[in-house]
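Visitor: Next comes the sequence, and after it the predicted model I'd like to discuss.
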Amino acid sequence: MSTNSFESSKRKISQACQYLAGGVSSNFRLGISPTPLVIHSGSGPYLIDADGNRLIDYYLGMGPMILGHNPQRVIDAAKAQLDRGILFAGQTEVEFEAARLVCELVPCAERVRFGSSGTEVIQAALRLARAATGRQTIVKFEGHYHGWLDNVLWSVSPTAEMCGPADNPAKVRGTPGQDPGSADHLDVLVWNDLSAVEQRLARGDVAAVIMEPAMCNTSAIPPRAGYLEGVRAACSKTGTILIFDEVITGFRLSAGGAQKLFGVTPDLATFGKAIANGFPVAALAGRANLMEQFVSARVMHGGTYNAHPVNMAATVATLQELADSDVYSHIERRGRQLMEGVGEILRRYSIPARVQGFPGIFHVALGVTKPIESFRDTFGIDRSRYVRFTTALIERGVRALERGAWFLSREHDETVIERTLEIVEAAVKAIA
C-alpha cells in the first residue's frame, strides 16, 4: 500500500507562520503528526489536502459534520439566506424557526438563546445559574472540557502526579497566564462517582454542577448505571442547577442529545458543533423559569453575531435533516461495524487496546484493555504509540484524531468503512 506525501502542507504551514502564530488559529491544530494539514476541499466523508491526498475523514471538523462535508440541503439554505443579506442587528424568522426546532427536539429546552461558540454559551449558563440560585460555587469534573476561558479550564488534562487523591482532587490549571483566582469558586470532582457529588452538594452552597453527560473530550465514557439519575436527584434536592455540556453529544448521540438517549433531563444544556453541521452556532437551552431571567432579572447575555441569519438557516436545514431522516440508524450500523472491526484487528495483532463509546463518537485507546470509566482510567494509555498509529493511518489515507476520538457522519457508508478497515490493518501492521 503506497503512502501519502504531505510536503505541500508542511511548506504552506511554514510560510503561514510569518503571519499566523504557529501557522494556525487554534492551539488544538498545533503539533499534529506528520504535520498540520492544509485542506483544499471536502466532499461527503472525504477531504482533499494541499498535496492532493484524498483522505477518509474521522475528524469531521472536530465533530460538527454529522451530515458530511457538503450536504446540499444545508448549503442551499445558507446560500439562499445570504442572498437576503448578511447581518441586521435584529431578529429574523429563520432564527425563530431554529429556536422552535431546538425546543421540539431537546427535552430540557423550554426556551433557547443562540451564540457562536460552545465556550461562550457555557459562560452564559454559569452566569444564569449563579443569578438564579444566589450562590457562587460551580462543580466540574476531571477531564471535562467546557471551553478555554480561565474559570473553567481547570483539571482538563492533568498528569497523574498533579491530580491529587480521588476523594479530594487538586485543581490543576490548564495554561500559562491563567488567572489563579478564577478557581476560587470552583470545585473539581472525579466523574462517575455519585457519592462524591452527593456529599459535596449536601453543603448547600453549590450554584451548578456542569458535566458532559457522556465524557467525550476524554475517551468516550458512558455514565455508570444510575449516575446521571442520582446526580439529577441530588441537584433537585439541594436546589442546585444541573447543566449538561452537550456541545459534543448534542445532536450527535441522538436528535435530542445525550439527555434524550439516557432519559435524564438537566435544568440547562449547552449545544454546538453538530447543531449546524459546521456553521459557527451554539445554543443554551433550558427551563423557562431560568431562561426568562435573561429578561426578567436582566442577566446579561449578548453578542453581535448571535443568531446570525446565515448560520440560523444552516441550523434549520441541519435540524430538519436530523429529525426527518435515518441519519442515526445509519450511523448506528456503520459505527458499530467500524468499532468492532478496529477492535478485532488490534486483537489479531496482539496489541492491547480498548475500543469504547458510541457509534457516532467512539474512542480507541492503546495499552489498556479494561473499561475506561473516569479520567484517571486513561493514565495507562500508550499515547505515543497511538500517535504512531494515526500517523500510519493518514499516510495511507485515513485521518483520525490523535486523542483517540473517531467521529462518523451519514456519508460514511459500507464501502467507506470497509476501505477504512483495510487501511487500519495496514497501519496496525506498521506499528505492531
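Guide: Looks like it came in fine. Numbering: from 1, shown residues only.
Visitor: For the closest residue to residue 170 other than its chain neighbours, give its distance to residue 261.
Guide: Closest residue in space to residue 170, ignoring its immediate chain neighbours: residue 164 at 3.5 Å, by C-beta to C-beta, 6 or more residues apart in numbering. No exception for glycine: its C-beta is placed from N, CA and C like everyone else's. Distance, residue 164 to residue 261, by C-beta to C-beta, to the nearest Å: 32 Å.
Visitor: Please say which of those two ends up with more neighbours.
Guide: Higher neighbour count among residue 164 and residue 261: residue 261, with 18 against 15, using other C-beta atoms under 10 Å.
Visitor: if I look at the more buried one, how far off is residue 214?
Guide: Counting by C-beta to C-beta, the gap from residue 261 to residue 214 is 8 Å.
Visitor: any residues in contact with both of the two?
Guide: residue 253 (C-beta atoms under 8 Å, 6 or more residues apart in numbering).
Visitor: Model confidence at the most centrally placed residue in the chain, what's the number?
Guide: By C-alpha atoms, centre = their mean, the chain has its centre lying nearest to residue 248, at 2.8 Å. For residue 248, the model assigns a pLDDT of 98.
Visitor: ok, it - contacts?
Guide: By C-beta under 8 Å, 6+ apart, the contact set of residue 248 is 63, 212, 216-217, 273, 361.
Visitor: can I assume it sits in a strand?
Guide: No. Read with DSSP: H, G, I helix; E, B strand; the rest coil, residue 248 is coil and lies in no strand.
Visitor: For residue 118, see how far away it is.
Guide: 8 Å.
Visitor: quick one: common contacting residues for the two?
Guide: residue 273.
Visitor: count of residues packed around residue 365?
Guide: Neighbour number of residue 365 under other C-beta under 10 Å is 23.
Visitor: What separation do you get for it and residue 326?
Guide: If you measure residue 365 against residue 326 using C-beta to C-beta, the figure is 30 Å.
Visitor: now swap in residue 417 and tell me
Guide: Taken as C-beta to C-beta, the span from residue 417 to residue 326 is 16 Å.
Visitor: So between those two, which is more surrounded?
Guide: Ranked by neighbour count (other C-beta under 10 Å), residue 417 and residue 326 place residue 417 first, with 20 against 10.
Visitor: is it true that the more buried one touches residue 338?
Guide: Yes. Contact status for residue 417 versus residue 338: in contact at 5.2 Å, counting by C-beta atoms under 8 Å.
Visitor: where do the helices sit along this structure?
Guide: Taking DSSP state H as the test, the helices found in the chain are 7-16, 72-82, 93-105, 118-133, 160-163, 194-201, 227-238, 257-262, 288-291, 293-296, 309-324, 327-348, 383-396, 414-431.
Visitor: Show me what the fifth one is in contact with.
Guide: With C-beta under 8 Å, 6+ apart as the test, helix 160-163 has contacts from 142, 155, 169-170, 172, 376, 379.
Visitor: Considering those residues, which is situated nearest to residue 352?
Guide: residue 379 (14.5 Å; C-beta to C-beta).
Visitor: Compute the number of surrounding residues for the closest one.
Guide: Neighbours around residue 379, by other C-beta under 10 Å: 11.
Visitor: residues contacting it?
Guide: So residue 379 contacts residue 160 (C-beta under 8 Å, 6+ apart).
Visitor: measure it to residue 126 for me?
Guide: 29 Å.
Visitor: Name the nearest residue to residue 327, sequence neighbours excluded.
Guide: residue 410 (4.9 Å).
Visitor: May I have the predicted confidence score for residue 320?
Guide: Value for residue 320, per-residue pLDDT: 98.
Visitor: next one: residue 393
Guide: pLDDT at residue 393 comes out at 98.
Visitor: all numbers from here: first residue = 23
Guide: Will do, 23 is the new start, and the previous item becomes residue 415.
Visitor: quick one, what contacts it?
Guide: Applying C-beta under 8 Å, 6+ apart to residue 415 gives the contacts 421-422, 445-446, 449.
Visitor: neighbours around residue 86, how many?
Guide: Neighbours of residue 86 (other C-beta under 10 Å): 25.
Visitor: I figured it was touching residue 293, is that so?
Guide: No. Using C-beta under 8 Å, residue 86 makes no contact with residue 293, being 11.0 Å away.
Visitor: on that earlier part again, go through the helices of the chain and name the closest to residue 304.
Guide: helix 140-155 (4.5 Å).
Visitor: and the closest one with helix 249-260, angle?
Guide: 30 degrees (axes from the mean of the first three to the mean of the last three C-alpha atoms, to 10 degrees).
Visitor: Can you list the helices and strands that helix 140-155 packs against?
Guide: strand 133-137, strand 159-163, strand 228-233, strand 263-268, strand 290-293, strand 304-308, helix 310-313, helix 315-318 (3 or more C-beta pairs under 8 Å, 6 or more residues apart in numbering; DSSP states H and E).
Visitor: out of the ones you listed, which comes closest to residue 332?
Guide: strand 133-137 (12.6 Å).
Visitor: For that closest one, what is the distance to the chain centroid?
Guide: 18 Å (C-alpha atoms, centre = their mean, to the nearest Å).
Visitor: Parallel or antiparallel, list what pairs with it.
Guide: strand 304-308 (antiparallel) (DSSP bridges).
Visitor: Next, the residues that contact the strand it pairs with from outside, please.
Guide: 124-125, 128, 130-140, 142-143, 146-147, 150, 269, 288-294, 297, 313, 323.
Visitor: any chance of the helices of the chain in JSON lines, with distance to residue 199 too?
Guide: As requested, those are exported to JSON lines (distance: least, C-beta to C-beta, whole Å):
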{"stretch": "helix 29-38", "distance to residue 199": "24"}
{"stretch": "helix 94-104", "distance to residue 199": "36"}
{"stretch": "helix 115-127", "distance to residue 199": "35"}
{"stretch": "helix 140-155", "distance to residue 199": "16"}
{"stretch": "helix 182-185", "distance to residue 199": "18"}
{"stretch": "helix 216-223", "distance to residue 199": "29"}
{"stretch": "helix 249-260", "distance to residue 199": "33"}
{"stretch": "helix 279-284", "distance to residue 199": "33"}
{"stretch": "helix 310-313", "distance to residue 199": "33"}
{"stretch": "helix 315-318", "distance to residue 199": "31"}
{"stretch": "helix 331-346", "distance to residue 199": "31"}
{"stretch": "helix 349-370", "distance to residue 199": "39"}
{"stretch": "helix 405-418", "distance to residue 199": "25"}
{"stretch": "helix 436-453", "distance to residue 199": "36"}
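Visitor: Which of the ones you listed sits closest to residue 392?
Guide: helix 349-370 (14.0 Å).
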